[in-house]
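Asks: Structure of the sequence below:
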Amino acid sequence: MSKLRFAILVLAIGCSGSAVAQTADGRGACKADYDKYCAGTLPGGGRVVACLNKQHHQLSDACKQVLASRKKQ
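Replies: Numbering: from 1, shown residues only. The predicted structure follows:
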């Protein structure tokens, strides 16, 4: 994944308002899952998070935690 795409992913998750997603560990928690399941998804409008949620059962535990903390906000 290009650095730009990763930066956009981090921004999309980070802007969710989740404190966990804003930590260094949280920002990278979903990178591998994004690369594997959602690489073709354009950021914006919640599309990346929606894509990751569709693959929820296959995501890493760390990414699941980031997404779960986002839902609590």
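
Asks: Report the buried residues of stretch 40-51.
Replies: Neighbour-count burial for stretch 40-51, counted by 16 or more other Cβ atoms under 10 Å, picks out Thr41, Pro43, Val48, Val49, Cys51. Where you see a C-beta, it was placed from the backbone N, CA and C, and this is true even at glycine.

Asks: isn't the fourth one right next to Arg70, touching?
Replies: Meaning Val49. Yes: counting by Cβ atoms under 8 Å, Val49 does reach Arg70; the two are 6.9 Å apart.

Asks: Can you pull out the low-pLDDT segments for this structure?
Replies: Scanning the chain for pLDDT under 70 picks out 1-3, 6-27, 72-73.

Asks: what packs against the helix or strand hosting Val49?
Replies: When elements are assigned from DSSP states H and E, Val49 belongs to helix 47-54. On a contact count with 3 or more Cβ pairs under 8 Å, 6 or more residues apart in numbering; DSSP states H and E, helix 47-54 meets helix 3-14, helix 31-37, helix 61-72.

Asks: got the buried residues of stretch 40-51 as a markdown table, with distance to Val66 columns?
Replies: Shown next, in a markdown table, are the buried residues of stretch 40-51 (distance: Cβ to Cβ, whole Å):
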| residue | distance to Val66 |
| --- | --- |
| Thr41 | 16 |
| Pro43 | 15 |
| Val48 | 12 |
| Val49 | 10 |
| Cys51 | 14 |
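
Asks: Looking at those, which is nearest Lys64?
Replies: Val49 (12.4 Å; Cβ to Cβ).

Asks: What is the neighbour count of Val66?
Replies: Using other Cβ atoms under 10 Å, Val66 is surrounded by 26 other residues.

Asks: wait, doesn't it sit right on Cys30?
Replies: Yes: counting by Cβ under 8 Å, Cys30 is a contact partner of Val66 at 5.9 Å.
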